[in-house]
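In: Following is a predicted model, sequence given first.
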Amino acid sequence: NAYQDTVQYPTSAYGYGPGYQNGEVGEQEGDSWMGGASFAVTKEINVYASVSKTFKFNSGVRSGADEYSARAVYESALNHGGGSYVYKGQTINSVQGAIDAHNALGAFTPINNEEGKNIEFGAKITTADNKIVGTVSFFRGERVDERIDDGARQSNAEEPHNSSTTLFGVGTVGYNTRNFRWRTTNLKNRIEGAEAEVVWTPMRNYQAVINGSWLWTAKTVYDLTRPAPGSDKYAALSAASKIASDIYYGARIENVPEYRLNLFNKYTFTDGPVRGASIGFGMRYSSETVISRSVDWNPLAGGAQSGDFLVFDVTASYPWEIAGYKIKSSFGIFNATDKVYMEGRNVTSPARNFLLTNTVSF
C-alpha cells in the first residue's frame, strides 16, 4: 500500500507505479464461434452458407486511468482547494469522494470488447476435367464496439479535470493538461460485397488465376460520438460540425476500395533447352480508397485519395544444377511500368523494384 503514502515512499525513489503497487490482476473474456452448411447441387456445383462471430480485446477503462492512477490528480485538486473542490456541481472533500463521483459517470468501467459478425453465402464450381475451378461469394461483415476517443466527453467542458488552470495549482499534478482520456465503443461499421475467383488450367503447364471484388457498402452505421445527418443532435450542430458529420457518414470507410481486380498467369516450358523454366505476368487494379474522412482530406469535395491504380508484375524462373546441387533462380520485376501510386493511406507504394532469389535443393 505504498501508493497511499507517497511522501514517505516517493515513486521517484522506489520506482513503483500505482497500478503495479496495488497488485490487482484483471481478467478479460471473449468468445468466437462459426457455423456453416454446404450442399452439392451437382457434382460440379456446391453451394454454401456460413456465419461467424469474432472478437478483439479492448483494454483499459473508459476514462483511460484506473482509480489508483487517478489519486494523484484528486489529491492535487483537494490540496489546491484547501481540502475540497467542486466537480460538475458536486462538492468533493476526499479522495474517495472523487473516486465515487467519477465512478458514477463510468470512468472506471472496463471497455467492451470489439466484436464482429460475418455472414457469407456462395457457390463453388469445378468442371469435370478440373480445368476450371471457381468460387463466387456474397458477404456482410459488421464490427461493433471499436475503441475510439470520445472527444466531447474528454473536453474540459465535459471533464473539468482536463486542461484546468483553476482546479490545480501552477506546476502541480494535473495543471492545464489532459488527465483523463475518455473513450467509447458506441459505433458500428459495415462492409458488404461480392467476390469471385477463377483458376483456369487449360493445359498442364499453364495456369491463370483471376479474382475480383465489388464492395458496394463500406460505411459507419452509427457512431454515438458523431451525430448522424437528420438527427436532432445533428440539427443543433454548428455549420462546421455539420460538414464534418456529412463527410464522416457520406464517405466510404478508410482504405476500403470499391473495386479490386487481380490477374496472374504462369507458363512453364516442357521442352527444349529451357525445359522447366517458367514466366509469369500479373496485374493488380484498385479503385480509389479514402485516406481520411476528415475536412482536411474531404473525399466528397475532391480531397486526395489513394488507390486508383493499375500495376503490372513480371516474373521468370529457371532451374539449373551445379556440382550436384539443384538450384532454382527466380527473378521478378514488380510495378514494371514504374507507376506512382498509393495503395493505402498517404504514403506512396514502392516504385519499380527487382527481386532475385536462388533456392538450393539437397
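Out: The structure has been received and is ready for your questions.
In: all contacts plus neighbour counts: C-alpha atoms, from now on.
Out: Fine.
In: what stretches of the chain score poorly on pLDDT?
Out: Confidence mapping of the chain against pLDDT under 70 gives the ranges 1, 3, 16-26.
In: And the top helix by length along the chain, how far out from the chain middle?
Out: Across the chain, the longest stretch assigned as helix under DSSP state H is helix 67-80. Helix 67-80 sits 35 Å away from the centroid of its parent chain (CA atoms, centre = their mean, to the nearest Å).
In: from now on call the first residue 674
Out: Noted, 674 is the first residue going forward, which turns the last one into helix 740-753.
In: which other residues reach that helix?
Out: 690-692, 695, 757-758, 765-768, 771-772, 781, 840-842, 845-847, 852 (CA atoms under 8 Å, 6 or more residues apart in numbering).
In: if we go to 6 Å?
Out: With contact meaning CA atoms under 6 Å, 6 or more residues apart in numbering, helix 740-753 is reached by P691, S757, V768, L840, F841, G842, V846, G847.
In: Equivalent analysis for stretch 700-714, please.
Out: N719, V720, Y721, A722, S723, V724, S725, K726, T727.
In: Could you do stretch 941-956 as well?
Out: In contact with stretch 941-956 (CA under 6 Å, 6+ apart) are residues 878, 935-940, 984-991.
In: likewise stretch 858-865?
Out: So stretch 858-865 is contacted by 812-820, 888, 890-897 (CA under 6 Å, 6+ apart).
In: Separate out the buried members of the residues you listed.
Out: 812-820, 888, 890-893, 895-896 (16 or more other CA atoms under 10 Å).
In: any idea which of the residues you listed is closest to K797?
Out: K797 lies nearest to F812 out of the buried ones among the contacts of stretch 858-865, by CA to CA, at 14.7 Å.
In: now, which of the contacts of stretch 941-956 lie within helices?
Out: Per DSSP H, the contacts of stretch 941-956 never map to helices.
In: Strands - which of those residues land there?
Out: Counting by DSSP state E, the part of the contacts of stretch 941-956 found in strands is 935-940, 984-991.
In: how much space between Y998 and Y932?
Out: Distance check for Y998 against Y932: by CA to CA, to the nearest Å, it reads 45 Å.
In: For the two, indicate the residue with more neighbours.
Out: Just comparing Y998 and Y932: by other CA atoms under 10 Å the higher neighbour count belongs to Y932, 20 against 11.
In: Give me the nearest residue to the more buried one, chain neighbours excluded.
Out: Distance criterion CA to CA, 6 or more residues apart in numbering; nearest residue to Y932, sequence neighbours excluded, is W887 at 4.8 Å.
In: Surely that neighbour and F812 touch.
Out: No. The criterion here is CA atoms under 6 Å, and W887 misses it with F812 at 10.6 Å.
In: Show residues contacting stretch 880-892.
Out: 862-874, 925-926, 931-939.
In: dump the residue contacts of F812.
Out: So F812 contacts I792, E793, E865, G866 (CA under 6 Å, 6+ apart).
In: The residues you listed, buried ones only, as a PyMOL selection?
Out: Those of these that count as buried under 16+ other CA under 10 Å are selected in PyMOL with:
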select buried, resi 792+793+865+866
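In: Redo the contacts of F812 as JSON lines? Include secondary structure and distance to G945.
Out: Below are the contacts of F812 laid out as JSON lines (DSSP: H, G, I helix; E, B strand; the rest coil; distance: CA to CA, whole Å):
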{"residue": "I792", "secondary structure": "strand", "distance to G945": "51"}
{"residue": "E793", "secondary structure": "strand", "distance to G945": "47"}
{"residue": "E865", "secondary structure": "strand", "distance to G945": "50"}
{"residue": "G866", "secondary structure": "strand", "distance to G945": "46"}
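In: Turn the contacts of F812 into JSON lines, columns for distance to G949.
Out: Output for the contacts of F812, formatted as JSON lines (distance: CA to CA, whole Å):
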{"residue": "I792", "distance to G949": "43"}
{"residue": "E793", "distance to G949": "40"}
{"residue": "E865", "distance to G949": "43"}
{"residue": "G866", "distance to G949": "40"}
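In: And the contacts of F812, which is closest to L910?
Out: When the contacts of F812 are compared against L910 (criterion: CA to CA), the nearest one is E865, at 30.3 Å.
In: Could you give the secondary structure assignment for the residue lying closest to that closest one once chain neighbours are set aside?
Out: In this structure, E865 finds its nearest non-sequential neighbour in R813, 4.4 Å apart by CA to CA, 6+ apart. Judged by DSSP: H, G, I helix; E, B strand; the rest coil, the three-state class of R813 is strand.
In: try R925
Out: coil.
In: ok, which stretches of the stretch 874-1023 of the chain are helices?
Out: In the stretch 874-1023 of the chain, the helices defined using DSSP state H, counting those that start in this stretch lie at 905-908, 912-923.
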